[in-house]
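Participant: after the sequence you'll find the predicted model.
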Amino acid sequence: MLPIVVVLALASAYGFWLKRTRGNVKAKNVSALITAEKIGGPLGSRATLVQFSTAFCTPCRATRALLTNIVQDLADVVHIDIDAEDQLELVRELNILSTPTTLILDSNGQEVGRAVGAPKRDQVLKALAAID
């Protein structure tokens, strides 16, 4: 009986940790700039939301809808959706480990935030507000 309790406790702890960390926008300081040529579209005049997704990823659809909705109200922010399976070299270069992953870039192409998993609307808006 004790091994079952231990396994359930460990699985529960892992589940709580995973739920708490997925989708949170974390600040990044990466020295290399991400250019419009790399992501296949123009950078926004204030910010760019670059989403890496795959065809079989259900949270990717929800993330795409959320980010599209956010940029509709912000003329200076652009959303670019990249199929991770088609851009494996870029995925490796940017260290994208799962989908959806959303990069928040400033107007120069500097990564200022990253959300692994489906991001939360308020966190994306907060990260965008922090960009001058």
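Facilitator: Great, that's in hand. Numbering: from 1, shown residues only.
Participant: distance of D76 from A36?
Facilitator: Distance of D76 to A36, computed by C-beta to C-beta, to the nearest Å: 15 Å. Glycine gets a C-beta too; all of them are placed from N, C-alpha and C.
Participant: what of G109?
Facilitator: Distance from G109 to A36, by C-beta to C-beta: 7 Å.
Participant: now do the shared contacts for those two.
Facilitator: Common contacts of G109 and A36 (C-beta atoms under 8 Å, 6 or more residues apart in numbering): L43.
Participant: tell me which residue lies nearest the centroid of the chain.
Facilitator: T102 (1.7 Å; C-alpha atoms, centre = their mean).
Participant: does that residue touch A47 like I think?
Facilitator: No. T102 lies out of contact with A47 (C-beta atoms under 8 Å); the separation is 11.5 Å.
Participant: contacting residues around the top helix by length along the chain?
Facilitator: Counting residues, the longest helix found in the chain (DSSP state H) is helix 2-21. Under the criterion C-beta under 8 Å, 6+ apart, residues 116-117 lie in contact with helix 2-21.
Participant: and that helix, how far out from the chain's middle?
Facilitator: Remark: helix 2-21 is offset 25 Å from the chain centroid, using C-alpha atoms, centre = their mean, to the nearest Å.
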